[in-house]
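K.L.:
here is my input, please return the structure:
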Amino acid sequence: MRVRYDICPSVYVQAGVYDGNPDRGFSGTDFDLGKEEGALSYFEVGFKHNQGKDATGLPGNFKIGAWYHTDDFYDMYEGTFVAFDNYVAANGLPLPPVSTGNATPRQGNSGFYILVDHVLWREPGQTEPTQQGLAGFFRVAGAPRNRNLAQVGIDGGLVYKGLIPTRDWDTFGVALSYLEISDELRRAQADINAAFGAFGPVLPEADYEAVLEVNYKAQVAAWCAVDCSACSIPVAGSSRRFPMPGLSSCKQPSASSQAGPQRQRQAVELENRDAWKPQWSTNVWCCFKTARAMKSEATCSG
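P.N.:
As a prediction, this is how the structure comes out:
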């Protein structure tokens, strides 16, 4: 459910309430706002710049908002210890447990965001409807570090419409995204490494993730477009060599076998191999969109 109210032609406020754990079934219509799944609420204030009927300047949008989730979320520091034990037990690694029990659940979760998108330059002499030129966008978001995997997110980019002569409707874009991993997760990883100090680091301490994406959309016809993107991940601090399972089932695993120091050292070295090397991953995909697909969905292959 979402409601919106326009205070004036250039300023609006809106709010929405959604299922905290969306239905992934066939119908997608099983809504539950109760305590078991919680409710996710959004609140936003927006300002539309130079979008009036007689506006002559470059248009843009400024938005600031916040969200709140009513469900319980496991403490990130304690949950990391439990997740580590679950991973060790599931993979049969000869390491002793490091957690003392279930992670503490924390009531509710929240965050904020700021969004800006604006036309930065328009080619001289351009009129409706092509409006060729350069536009930019920027977003920053934050959330509590003690119950979220990431505490800060920043991304932005540039999009040029009509960059190639005679291709007035095509767009070319470049974007960069930065995600700062929770300090509580990093602190827990450091403490886990300290606990196994005699055998060297057990897992890398997550710092941040970054993604660089380049996109080109070719408008083949009024009813058809081909959208191609290349995405590169130069740093993946939270997933290098040691993927942490979700914290939704943070239960104390059974005690692992007590192996000798030499066997433990070999296990640690095996898991830690290449853990500190930068990870590069590049993906390329294309989407073929028809007029109907542009309104609803696209058929993609990559």
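
K.L.:
packing partners of the longest helix belonging to the chain?
P.N.:
Ranked by residue count, the top helix of the chain under DSSP state H comes out as helix 76-90. Here helix 76-90 touches helix 183-195, going by 3 or more CB pairs under 8 Å, 6 or more residues apart in numbering; DSSP states H and E. The C-beta positions use only the backbone N, C-alpha and C, and glycine is treated the same way.

K.L.:
and the angle for the longest helix of the chain with helix 183-195?
P.N.:
Relative orientation of helix 76-90 versus helix 183-195 (axes from the mean of the first three to the mean of the last three CA atoms, to 10 degrees): 50 degrees.

K.L.:
show me what counts as buried in helix 76-90.
P.N.:
Residues of helix 76-90 classed as buried by neighbour count (16 or more other CB atoms under 10 Å): 76-89.

K.L.:
avg pLDDT for that helix?
P.N.:
Taken as a whole, helix 76-90 carries a mean pLDDT of 91.

K.L.:
dump it to PDB, restricted to CA.
P.N.:
Output in PDB follows, covering the C-alpha atoms of helix 76-90 (Å, rounded to 0.1, in the frame of the first residue of the first chain):
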ATOM      1  CA  MET A  76      25.700  -8.800  13.700                       C
ATOM      2  CA  TYR A  77      28.700  -9.200  16.000                       C
ATOM      3  CA  GLU A  78      27.300 -12.300  17.900                       C
ATOM      4  CA  GLY A  79      25.700 -13.700  14.700                       C
ATOM      5  CA  THR A  80      29.000 -13.700  12.900                       C
ATOM      6  CA  PHE A  81      30.400 -16.100  15.500                       C
ATOM      7  CA  VAL A  82      27.400 -18.400  15.200                       C
ATOM      8  CA  ALA A  83      27.500 -18.300  11.400                       C
ATOM      9  CA  PHE A  84      31.200 -19.100  11.600                       C
ATOM     10  CA  ASP A  85      30.500 -22.200  13.700                       C
ATOM     11  CA  ASN A  86      27.700 -23.300  11.400                       C
ATOM     12  CA  TYR A  87      30.000 -23.100   8.400                       C
ATOM     13  CA  VAL A  88      32.800 -25.000  10.200                       C
ATOM     14  CA  ALA A  89      30.300 -27.700  11.300                       C
ATOM     15  CA  ALA A  90      28.700 -28.000   7.900                       C
END
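
K.L.:
many thanks, I have nothing further to ask.
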